[in-house]
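> Got a predicted structure here, sequence first:
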Amino acid sequence: MEKELWKGNEAIAEAAIRAGCNCFFGYPITPQSEVPEYMSVHLPQAGGVFVQSESEIAAINMVYGAAGAGMRAMTSSSSPGISLKQEGISYLAGAEVPCVIVNCMRGGPGLGTIQPSQGDYFQATRGGGNGDYRTVVLAPSNVQETVDFVQEAFDIADQYRNPVMIVCDGLIGQMMEPIEWHPVPKRDLPPKDWAASGRKGRDHHNVINSLYMAPEDCDRHNQHLEEKYAAIAENETRWEEVDCQDAEVIITAYGTPARIALTALETLQAQGLKAGLFRPITLWPFPWKALRRVAERPSVKAFLDVEMSSSGQMLDDVRLAVEGRRPVRYLGHAGGVMPTVEEMAESVKAVWKEVQ
Amino acid sequence: MAVVCPHRISIITGHYGTGKTEFAVNLALSMVQTHSRVMLADLDIVNPYFRSREKRELLEAAGVELITSSPACSDADVPSLPAELLAILQNRDITGILDIGGDPVGARVLARFRPRLLEEDHQLIYVLNANRPEVREAEAAIRYLRGIESTTGLTCTGIVNNTHLCGETTPGEIRKGAALAADVSRRTGIPVLCHVAEERFAAALSDLPDPVFPITIRMKKPWE
């Protein structure tokens, strides 16, 4: 298939349209504004509905309504805008309404900067909203993966009736890369017989709701959600290992830093240092078991976690997986500063020296 | 590159993502070798990343004067324009390159300078990349071109074929773009100024009917 040159954000929008997204609701914010901009032109042409909402809060609640009626609905934003959506995401998860949310992350906290960052890991994986809920979080590290994941995200959401979030940093949204529109795996999905889309001869109304008057009912509902999340963790956990087999130092990174790490590995391996990359692709469910297995290998001496975050957020999950078997060190920048190939290579060397 | 852009002011426009900034930066670095005073103005008010201002150090070391909005605004996504831009418009000793944001929307910055530009020796250049899905057909490419002309009130007088696929570019890709540029040129009567190609491809493309403008990739990603 012929390759085309796409900008990350416009590719996200096109991928969603190709995945059958019927409704998009969003509000502009740098560095993701090309997503709604592209949607505003192309989604109506494909027979869908685009609404520029009055706010991010309105957008996520429009998603709640449309997806609750059985539509494939999506919203996108960047960090501060995603913060505004948290209440809606909690409601969507509570009412088990499938949808796709894209966070093209920028520097924070607050308004931060418009440059790329990864400071929303906790928000995405721990849930920025209230209650015991989880969103499936996919973290692509190039435009091709972003395009593939966005398409698959709609199926994952529908399969589990759960919000799925794509987190990419601003660089992935803004950069141009060659991609191809190859077929992505399609799932055998259950009918949306729960959707509030009209009674259609049923003996009951479908109700989209996250309110339970009796504590026992709410407890039961939470148990049900918990079982669903366990199934997601079992079936959907994804990661990539690069040269981990005989590596002594392993970089853990996702998104853009993982991309930078691949070049750093070339530098290090040329100098004879055995280094590898462990890249979580789902941030939730995090690949704890897989990383634990890597940490148990005798060849592995230490880990270096690299993020675009000041003190590290995924670092917590790396430590939970490694369980103290090996030292875990950290390299990171926040506010839109990206780690360089050179400093990553230097940090790996420093960690390697430390464990000799 | 006096042959390609012989006018005092070169205005680089096009659909976004076609590689305008890469061309503008390389053009400035090329022009500074033959012109006494070259200024490059980053007037992209659309795109927050991958802008010519990121190459300040390289450009200034080479002798190119870079004009951008004030540091206070440079990472704020506000459409502020640098006052120093007037130097290019008014000082005829300066050879100027204006790096404009993508699409007719990005070209809006030019509209207010139209009367001034019309008095100067200028050229509105349309950068084309046949791998960008929205401009890969001649008809669509011309629609963007006409949109930019109507927004700016200026007339395009040159097409630059900048067809590439980032690190996966081949001479074949550039030839594909040359065919599209020729088609757009035939339908509009606007000449093809040059085909942009990395130095390593230049020899393989010497049979193209228009000049090849050899470049070195400057707008790199952090892992490149």
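Noted; the coordinates are in hand.
> what does chain A put close to chain B?
The interface of chain A toward chain B, taken as CB under 8 Å from any CB of the partner chain, is made up of A:3-7, A:30-31, A:113-116, A:170-171, A:174-178, A:256, A:259-260, A:262-263, A:336, A:338-341. Bear in mind the C-beta positions are built from the backbone N, C-alpha and C, glycine included.
> how about B:Ala28, phi and psi?
Main-chain dihedrals, B:Ala28, degrees, to the nearest 10: phi -60, psi -50.
> hmm, which of the residues of chain A next to chain B are the buried ones?
A:3-7, A:30-31, A:113-116, A:170-171, A:174-178, A:256, A:259-260, A:262-263, A:336, A:338-339, A:341 (16 or more other CB atoms under 10 Å in any protein chain shown).
> How many residues are close by A:Ala233?
A:Ala233: 18 surrounding residues under other CB atoms under 10 Å in any protein chain shown.
> In contact with it, which residues?
Neighbouring residues of A:Ala233 by CB atoms under 8 Å, 6 or more residues apart in numbering or on different chains: A:Pro285.
> Report the separation between it and A:Ile166.
According to CB to CB, to the nearest Å, A:Ala233 stands 18 Å off from A:Ile166.
> which residues does the closest residue to A:Asp317 other than its chain neighbours contact?
Leaving aside its sequence neighbours, A:Asp317 sits nearest to A:Phe286 (CB to CB, 6 or more residues apart in numbering or on different chains; 4.5 Å). The contact partners of A:Phe286, taken as CB under 8 Å, 6+ apart, are A:Thr125, A:Thr237, A:Pro280, A:Met314, A:Asp317, A:Leu320, A:Ala321.
> how about the residue lying closest to the second one once chain neighbours are set aside, what does it touch?
Put plainly, it is A:Thr237. Sequence neighbours aside, A:Pro285 is the residue nearest to A:Thr237 in space, at 4.6 Å (criterion: CB to CB, 6+ apart). A:Pro285 sits next to A:Arg134, A:Val136, A:Tyr229, A:Ile232, A:Ala233, A:Glu236, A:Thr237 when contact means CB under 8 Å, 6+ apart.
> I'd like those as JSON lines, with pLDDT, secondary structure and distance to A:Pro298 appended.
Below are those laid out as JSON lines (pLDDT from 0 to 100; DSSP: H, G, I helix; E, B strand; the rest coil; distance: CB to CB, whole Å):
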{"residue": "A:Arg134", "pLDDT": "98", "secondary structure": "coil", "distance to A:Pro298": "34"}
{"residue": "A:Val136", "pLDDT": "98", "secondary structure": "strand", "distance to A:Pro298": "34"}
{"residue": "A:Tyr229", "pLDDT": "98", "secondary structure": "helix", "distance to A:Pro298": "33"}
{"residue": "A:Ile232", "pLDDT": "98", "secondary structure": "helix", "distance to A:Pro298": "32"}
{"residue": "A:Ala233", "pLDDT": "98", "secondary structure": "helix", "distance to A:Pro298": "28"}
{"residue": "A:Glu236", "pLDDT": "98", "secondary structure": "helix", "distance to A:Pro298": "30"}
{"residue": "A:Thr237", "pLDDT": "98", "secondary structure": "coil", "distance to A:Pro298": "24"}
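> Most neighbours among those residues, please name it.
So for the contacts of A:Pro285 (other CB under 10 Å), the most neighbours sit at A:Val136, 25 neighbours.
> hey, what's the nearest residue to that one once chain neighbours are set aside bridged with?
Spatial nearest neighbour of A:Val136, excluding adjacent residues (CB to CB, 6+ apart): A:Val164 at 4.5 Å. With DSSP bridges as the criterion, A:Val164 is bridged to A:Val100, A:Val136.
> now stretch B:89-106: mean pLDDT?
For stretch B:89-106, mean pLDDT is 94.
> between the contacts of A:Pro285, which is closest to chain B?
A:Thr237 (25.7 Å; CB to the nearest CB).
> Please list all residues in contact with the closest one.
By CB under 8 Å, 6+ apart, the neighbours of A:Thr237 are A:Thr282, A:Pro285, A:Phe286, A:Pro287, A:Lys289, A:Ala290.
> can you check A:Asn22 too?
A:Asn22 touches A:Gly47, A:Gly48, A:Val49, A:Ala66, A:Met71, A:Arg72, A:Ala73, counting by CB under 8 Å, 6+ apart.
> can you map out the strands along the stretch 251-356 of chain A?
Secondary structure of the stretch 251-356 of chain A by DSSP state E, counting those that start in this stretch: the strands cover A:275-280, A:282-284, A:302-307, A:328-332.
> Just put those in a markdown table and tack on mean neighbour count and mean pLDDT.
Compiled in a markdown table, those are given as follows (neighbours: other CB atoms under 10 Å in any protein chain shown; pLDDT from 0 to 100):
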| stretch | mean neighbour count | mean pLDDT |
| --- | --- | --- |
| strand A:275-280 | 25 | 98 |
| strand A:282-284 | 23 | 98 |
| strand A:302-307 | 26 | 98 |
| strand A:328-332 | 20 | 98 |
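> Reformat those as CSV; add distance to B:Pro115.
Formatted as CSV, these follow (distance: least, CB to CB, whole Å):
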stretch, distance to B:Pro115
strand A:275-280, 55
strand A:282-284, 54
strand A:302-307, 51
strand A:328-332, 51
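> how far does the worst-scoring helix or strand of chain B on mean pLDDT sit from the chain's center?
Ranked by mean pLDDT, DSSP states H and E, the helix or strand of chain B with the weakest confidence is helix B:103-111, at a mean of 91. How far helix B:103-111 lies from its chain's middle: 13 Å, per CA atoms, centre = their mean, to the nearest Å.
> which outside residues touch that helix?
B:11, B:13, B:15-16, B:43-47, B:79, B:81, B:98, B:100-101, B:117, B:144, B:147-148, B:150-154.
> go with 7 Å
B:11, B:13, B:15-16, B:43-46, B:81, B:100, B:144, B:147-148, B:151-154 (CB atoms under 7 Å, 6 or more residues apart in numbering or on different chains).
> among the buried ones among the residues of chain A next to chain B, which are in helices?
A:Gly170, A:Leu171, A:Gln174, A:Thr256, A:Arg259, A:Ile260, A:Leu262, A:Thr263, A:Val341 (DSSP state H).
> And the last one, how close does it get to B:Arg56?
So that's A:Val341. Counting by CB to CB - A:Val341 and B:Arg56 are separated by 21 Å.
> Likewise for the fifth one?
As defined by CB to CB, A:Arg259 lies at a distance of 24 Å from B:Arg56.
> Would you agree B:Thr157 falls within a helix?
No - read with DSSP: H, G, I helix; E, B strand; the rest coil, B:Thr157 is strand and lies in no helix.
> SS state for the closest residue to it other than its chain neighbours?
Nearest non-adjacent residue to B:Thr157, counting by CB to CB, 6+ apart: B:Gln123, 5.3 Å away. Here B:Gln123 takes the strand state, with states given by three-state DSSP.
> partner residues bridging B:Gln123?
Going by DSSP bridges, B:Gln123 forms beta bridges with B:Ser10.
> That one: what's it in contact with?
B:Cys5, B:His7, B:Ser10, B:Ile11, B:Thr157, B:Gly158.
> pLDDT and neighbour count for the residues you listed - can I get that in JSON lines?
Listed next are the contacts of B:Gln123 as JSON lines, based on pLDDT from 0 to 100; neighbours: other CB atoms under 10 Å in any protein chain shown:
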{"residue": "B:Cys5", "pLDDT": "85", "neighbour count": "22"}
{"residue": "B:His7", "pLDDT": "96", "neighbour count": "17"}
{"residue": "B:Ser10", "pLDDT": "97", "neighbour count": "27"}
{"residue": "B:Ile11", "pLDDT": "97", "neighbour count": "28"}
{"residue": "B:Thr157", "pLDDT": "96", "neighbour count": "16"}
{"residue": "B:Gly158", "pLDDT": "97", "neighbour count": "20"}
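> Out of the residues you listed, which is nearest to B:Ala130?
B:Gly158 (17.0 Å; CB to CB).
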